[in-house]
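K.L.:
Return atomic coordinates for the entry below.
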Amino acid sequence: MVDSDKKAAALAAIVEVQDGMLVGLGTGSTAAFAIAGLGARVAQGLSIRAVATSAASERQARACGIPIVDFADVAQVDLTIDGADEIDSRLFAIKGAGGAMLREKIVAASSARMIVIADGSKRVDRIGRAKLPVEILPFGAAYVLRVLTEMGGAPVVRGDYRTDQGNIVADCHFAALDDPRTLAAALAAIPGMLGHGLFLNEVDAVYIAENGIVTRLERTGASA
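P.N.:
Residues are numbered from 1 along each chain as shown. Take a look at the predicted model:
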């Protein structure tokens, strides 16, 4: 049922994709359903180009016949579709279980619109239960981990895992996320910290599917 809900949310969201768009493709199991769905639409005549947030998503997109362009040459994306580990009614999200949160955030920031797709298990009252991934420059790993520990993040490095950029990922376990914006600013200020999984301003809408029923929630104004 979870996979069918992921697929339902993805197929509902990709209806927003129109001819001529440059589309950002997210990473993860839910985003994979969106990529497959877009591939089917491309085979039926949809004309789009895309940028991928990970090597895995790029491989899938190319296999589906979606034309991929190098994001290094792209200043603005029309629409990005991606998954989330958690999302709440403020459209605050935690992302990064797949380790691609730095590229995902850059692509999201460049996008005129970002859509999150998720099954019902990812919707929460307030984000904070999921692990918060951070991407760390290897050169500064010991220092950054020390600072994260002092902040109460209890970071755990993902073994031998490296991002597509060759960086380290640590999963943090903060006891509470009462003030996500303050935490995001504190994380961003750590030298050697390259990115984190708090997406607080980027998401414009979310499509959530539960038991086959898809609900869309749209950002309506400033979030607390």
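K.L.:
Packing partners of the longest helix seen in the chain?
P.N.:
If you go by DSSP state H, the chain has its longest helix at helix 29-43. With contacts taken as 3 or more C-beta pairs under 8 Å, 6 or more residues apart in numbering; DSSP states H and E, helix 29-43 sits against helix 2-13, strand 22-25, helix 55-63, strand 79-82, strand 114-119. Where C-beta positions appear, they are placed from N, C-alpha and C, glycine not excepted.
K.L.:
Just the angle for that helix relative to helix 55-63, thanks.
P.N.:
Compare the direction of helix 29-43 with that of helix 55-63 by axes from the mean of the first three to the mean of the last three C-alpha atoms, to 10 degrees and you get 20 degrees.
K.L.:
pLDDT averaged over helix 29-43, what's the number?
P.N.:
For helix 29-43, the mean per-residue pLDDT is 97.
K.L.:
could you dump whichever helix or strand comes after that helix to CSV, C-alpha only?
P.N.:
Going down the chain from helix 29-43, the next helix or strand is strand 49-52, by DSSP states H and E. What follows is strand 49-52, C-alpha atoms only, in CSV (Å, rounded to 0.1, in the frame of the first residue of the first chain):
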residue,chain,number,x,y,z
ARG,A,49,14.3,18.8,-20.3
ALA,A,50,15.4,17.9,-16.8
VAL,A,51,18.1,18.3,-14.2
ALA,A,52,18.8,15.5,-11.7
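K.L.:
Please shift the residue numbers so they start at 384 in all later answers.
P.N.:
From this message on, residue numbering opens at 384, which makes the last subject strand 432-435.
K.L.:
for strand 432-435, the distance to its chain's centre please.
P.N.:
Using C-alpha atoms, centre = their mean, to the nearest Å, the mean C-alpha position of strand 432-435 is found 15 Å from that of the whole chain.
K.L.:
Kindly report the same for stretch 424-436.
P.N.:
Distance, centroid of stretch 424-436 to centroid of chain: 19 Å (C-alpha atoms, centre = their mean).
K.L.:
ok so, going back, okay, the helices and strands packed on helix 412-426 in JSON lines with distance to residue 580, mean pLDDT and mean neighbour count next?
P.N.:
Converted to JSON lines, the helices and strands packed on helix 412-426 look like this (distance: least, C-beta to C-beta, whole Å; pLDDT from 0 to 100; neighbours: other C-beta atoms under 10 Å):
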{"stretch": "helix 385-396", "distance to residue 580": "19", "mean pLDDT": "96", "mean neighbour count": "21"}
{"stretch": "strand 405-408", "distance to residue 580": "17", "mean pLDDT": "98", "mean neighbour count": "26"}
{"stretch": "helix 438-446", "distance to residue 580": "17", "mean pLDDT": "97", "mean neighbour count": "18"}
{"stretch": "strand 462-465", "distance to residue 580": "12", "mean pLDDT": "98", "mean neighbour count": "28"}
{"stretch": "strand 497-502", "distance to residue 580": "13", "mean pLDDT": "98", "mean neighbour count": "27"}
